[in-house]
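Novice: Provided below for reference: sequence and predicted model.
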Amino acid sequence: MSPTNPRILPYGEAAIAEAAALIRAGGCVAVPTETVYGLAADATDSRAVAGIYEAKGRPSFNPLIVHVPDLAAAELIAEFDETARSLAERFWPGPLTLVLPLRPDSGIASLVTAGLPTIAIRVPAHRAMQALLAATGKPLAAPSANASGGISPTRAEHVAASLAGRIPLVIDDGPTLAGLESTIVQGERILRPGPLTKAQLHPGEGRGPVTTSSDSGPRPSPGGITAPGQLDSHYAPSKPLRLNATQTETGEYLIGFGPIPGNETLSATANLTEGAANLFAALHRADASPAPAIAIAPIPNVGIGVAINDRLRRAAHR
Ligand code: TXA
Ligand code: MG
């Protein structure tokens, strides 16, 4: 890969100024968030948003998440009820995406929502994405910065490898903290499990039913358009992936956890938060290894382990 394609600039004033100029000119730029690296463009500019779909090779029916600096900015775009406002107040900035009715005067390009009457919106906690939001003064649409169907990027070099030749710039601010995409919530439903767990969102018993798409299987959204969890191969490595492996079979690269060491481990101490942060980088390494197949040790299905297993099931589905 040519070192200038894309350019990788360390986070700082110069990188943010250059990224903001590219976005103002209608381009897209890869920028880290606390979850994964995103590919950001001006959400009010339909040509810029089309550029995201083009760079990712993403089917245009899959809508994008819009990033805004704070709750006040979000309220200009989406309609909040009390439940949504309370979740926003508790968890923003942070890895929570709310699916809410789109305001008619939002100014958001319809390509962002793929024509849905709702919008997925979040306030990121990462300094680089926040600096870019401040510098552009625009809501930024940003899906994960990988080619469609590939593994989400948790490092600048993952982005550069996946989108080489398709984007001009990656802002590098090191590995992302959470390592998994944001938890997506619509009303009482968790549409996509993520770093914020069911228990964190709804502490205590008797707070009403909460289901996840992994509890109940994919369901059509009211508009009949694809909702998260319905693209089964969304997080796929290029090789077969065997789940719940307790030992290596011939030709496998084993990703360990806890007592199972493997070729590398998500967490030797069986720490699920550490495991989530390491997951996608481990899948990238396993994919790049000479082994023709990947196996991964069992991950307990509690807390953020639910989100890890959700991503693993998708990655294993071929
Ligand atoms: O952590 C994250 O959420 C990252 C960072 C970059 O913010 N972004 C991310 O975006 O994961 P993306 O585009 O890879 O995933 C967005 C998900 C998709 O599964 C999409 O179907 C869903 O959000 N989505 C977007 N708008 C929606 C809507 N109105 N209703 C239901 N689902 C929606
Ligand atoms: Mg993605």
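Specialist: Alright, I've got the coordinates. Ligands and ions are numbered 1, 2, ... in the order given.
Novice: buried ones in stretch 53-63, by neighbour count?
Specialist: Tyr53, Ala55, Lys56, Arg58, Asn62, Pro63 (16 or more other CB atoms under 10 Å). Every C-beta, even on glycine, is put in place using the N, C-alpha and C of the backbone.
Novice: quick one: the residue lying closest to the second one once chain neighbours are set aside and ligand 1, what's the gap?
Specialist: Closest residue to Ala55 in three dimensions, ignoring its sequence neighbours and counting by CB to CB, 6 or more residues apart in numbering: Arg166, at 4.4 Å. When distances are taken as CB to the nearest ligand atom, to the nearest Å, Arg166 and ligand 1 turn out to be 16 Å apart.
Novice: kindly report the same for Glu79.
Specialist: Where ligand 1 is concerned, Glu79 sits at a distance of 13 Å (CB to the nearest ligand atom).
Novice: what is the neighbour count of that residue?
Specialist: For Glu79, the neighbour count with other CB atoms under 10 Å is 14.
Novice: so it touches Val99, yeah?
Specialist: No: using CB atoms under 8 Å, Glu79 is not in contact with Val99; the gap is 11.4 Å.
Novice: Arg24: neighbouring residues, count only.
Specialist: Neighbours of Arg24 (other CB under 10 Å): 15.
Novice: please apply the same query to the one 4 residues further on.
Specialist: For Cys28, the number of neighbouring residues by other CB under 10 Å comes to 31.
Novice: wait, what's in contact with it?
Specialist: Shown in contact with Cys28 (CB atoms under 8 Å, 6 or more residues apart in numbering): Leu22, Leu39, Ala40, Ala41, Ala48, Gly51, Ile52, Ala55, Ile167.
Novice: and the buried residues of stretch 53-63 as CSV, adding pLDDT and secondary structure?
Specialist: Listed next are the buried residues of stretch 53-63 as CSV, based on pLDDT from 0 to 100; DSSP: H, G, I helix; E, B strand; the rest coil:
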residue, pLDDT, secondary structure
Tyr53, 91, helix
Ala55, 94, helix
Lys56, 92, helix
Arg58, 78, coil
Asn62, 82, coil
Pro63, 91, coil
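Novice: tell me the pLDDT of the closest residue to Ser110 other than its chain neighbours.
Specialist: Once flanking residues are discounted, Ser110 sits nearest to Ser46: 7.2 Å by CB to CB, 6+ apart. Confidence at Ser46, expressed as pLDDT, is 91.
Novice: so Ser46 touches Gly107, yeah?
Specialist: No: look at Ser46 against Gly107 with CB under 8 Å: they stay out of range, at 11.0 Å.
Novice: quick one, domains of the protein?
Specialist: Domains of the chain are assigned by automatic domain parsing as 7-224, 241-316.
Novice: the last one: how far from the chain's middle?
Specialist: Pointing back at domain 241-316 there. 18 Å (CA atoms, centre = their mean, to the nearest Å).
Novice: hang on, the earlier thing: filter the buried residues of stretch 53-63 down to the ones close to ligand 1.
Specialist: Asn62, Pro63 (CB under 6 Å from any ligand atom).
Novice: need the max-distance pair from the buried residues of stretch 53-63.
Specialist: Ala55 and Pro63 (16.3 Å; CB to CB).
Novice: pLDDT score for the closest residue to Pro259 other than its chain neighbours?
Specialist: Using CB to CB, 6+ apart and skipping residues adjacent in sequence, the residue nearest Pro259 is Ala270, 7.5 Å away. What the model reports as pLDDT for Ala270 is 98.
Novice: which residues touch Ala270?
Specialist: Phe257, Gly258, Pro259, Pro300.
Novice: and the residue most central in space within the chain, how far from ligand 1?
Specialist: Nearest to the mean C-alpha position of the chain, counting by CA atoms, centre = their mean, stands Glu181 at 3.1 Å. In this view, Glu181 and ligand 1 are 4 Å apart by CB to the nearest ligand atom.
Novice: isn't that residue right next to Tyr37, touching?
Specialist: No: using CB under 8 Å, Glu181 is not in contact with Tyr37, being 10.7 Å away.
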